[in-house]
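>>> my questions are about this predicted structure, shown below with the sequence.
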Amino acid sequence: ELRTPLMIIKEAVSQILEGLKGPINGEQEEFLTMASRNVGRLNQIIQDLLTISKIETGKMKFNRQHFDLIKLLETEITNQKIKIDTRSLTLVRNYVREKILVYADEEKIHMVFTNLLGNSVKFIRTGGTIEISVGMDLEENCVRVCVRDNGPGIPKESLEKIFERFVKLNSTPLSGAPSTGLGLSIARELVEMHNGRIWAESDGVNGSAFSF
């Protein structure tokens, strides 16, 4: 009931912005762009709340299968390439292999990675560096993904709190994209449902690293 009218608003604004309903002036374009951006934000909030609801009610369905984790990561990097390029960020890849098959729910793992990479892009300074590492632990028969950046860092006392719902630190998203305070909580729930774990590391000054 929330998403349907929201999508109608989004489509209407998009058509006007694209000039399909006639020419618009610069001021109108500015206000419509602002409206479109906030429609996108509201849509993300709704998606996060729906995900939380599914988790709480036990309705979250998992479709585990084998897939190439590296291919999935590269897909999301491509999805966020415009934001990365716009802010002149340097992206460093450190993959132990060019192809790694894992057994998990691809959509859910995609959500986790989208969240971690998206957070780095939001909070890192223009011209900063993001490193994505993928390693393997043969003893535990698992793969570890780490997203590290040289952003403002996270206070040590907040490293556990940031995975709680609606928790926001004092850091302001430098990309201008507001945070809902739900993303990391959802990421933790999804990782733990895979019998995995997720954690953050930071000295509070020299960036941060999120691993799962």
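Yep, that arrived. Numbers count the residues shown, from 1 in each chain.
>>> and the helices in the chain, which stretches?
Assignment of helices within the chain using DSSP state H yields the ranges 3-17, 26-56, 69-79, 81-86, 106-123, 183-193.
>>> out of these, which gets nearest to R148?
R148 sits nearest to helix 106-123 of all these, at 8.1 Å, using C-beta to C-beta. Placement of C-beta: from N, CA and C, glycine included.
>>> pull the distance from the closest one to the chain's centre.
Relative to the chain's own centre, helix 106-123 is displaced by 3 Å; criterion: C-alpha atoms, centre = their mean, to the nearest Å.
>>> could you check the angle that helix makes with helix 183-193?
Note on geometry: by axes from the mean of the first three to the mean of the last three C-alpha atoms, to 10 degrees, helix 106-123 and helix 183-193 are set 150 degrees apart in direction.
>>> give me the distance between L184 and M111.
Between L184 and M111 the distance is 11 Å, computed by C-beta to C-beta, to the nearest Å.
>>> hang on, the earlier thing: reformat the helices of the chain as CSV; add mean pLDDT.
Conversion of the helices of the chain to CSV gives the following (pLDDT from 0 to 100):
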stretch, mean pLDDT
helix 3-17, 89
helix 26-56, 85
helix 69-79, 95
helix 81-86, 91
helix 106-123, 93
helix 183-193, 91
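>>> quick one: closest of the ones you listed to E160.
Proximity to E160, assessed across the helices of the chain by C-beta to C-beta, is greatest for helix 183-193 (10.3 Å).
>>> buried stuff in the closest one?
Neighbour-count burial for helix 183-193, counted by 16 or more other C-beta atoms under 10 Å, picks out 183-191.
>>> may I have that helix exported as PDB, CA atoms only?
Backbone C-alpha positions of helix 183-193 (Å, rounded to 0.1, in the frame of the first residue of the first chain) are rendered in PDB as follows:
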ATOM      1  CA  GLY A 183      21.100  -1.100   6.800                       C
ATOM      2  CA  LEU A 184      23.700  -2.600   9.100                       C
ATOM      3  CA  SER A 185      21.100  -4.200  11.300                       C
ATOM      4  CA  ILE A 186      19.600  -5.900   8.300                       C
ATOM      5  CA  ALA A 187      23.100  -7.000   7.200                       C
ATOM      6  CA  ARG A 188      23.800  -8.600  10.500                       C
ATOM      7  CA  GLU A 189      20.500 -10.400  10.600                       C
ATOM      8  CA  LEU A 190      21.100 -11.800   7.100                       C
ATOM      9  CA  VAL A 191      24.700 -12.900   7.700                       C
ATOM     10  CA  GLU A 192      23.700 -14.600  11.000                       C
ATOM     11  CA  MET A 193      20.900 -16.400   9.200                       C
END
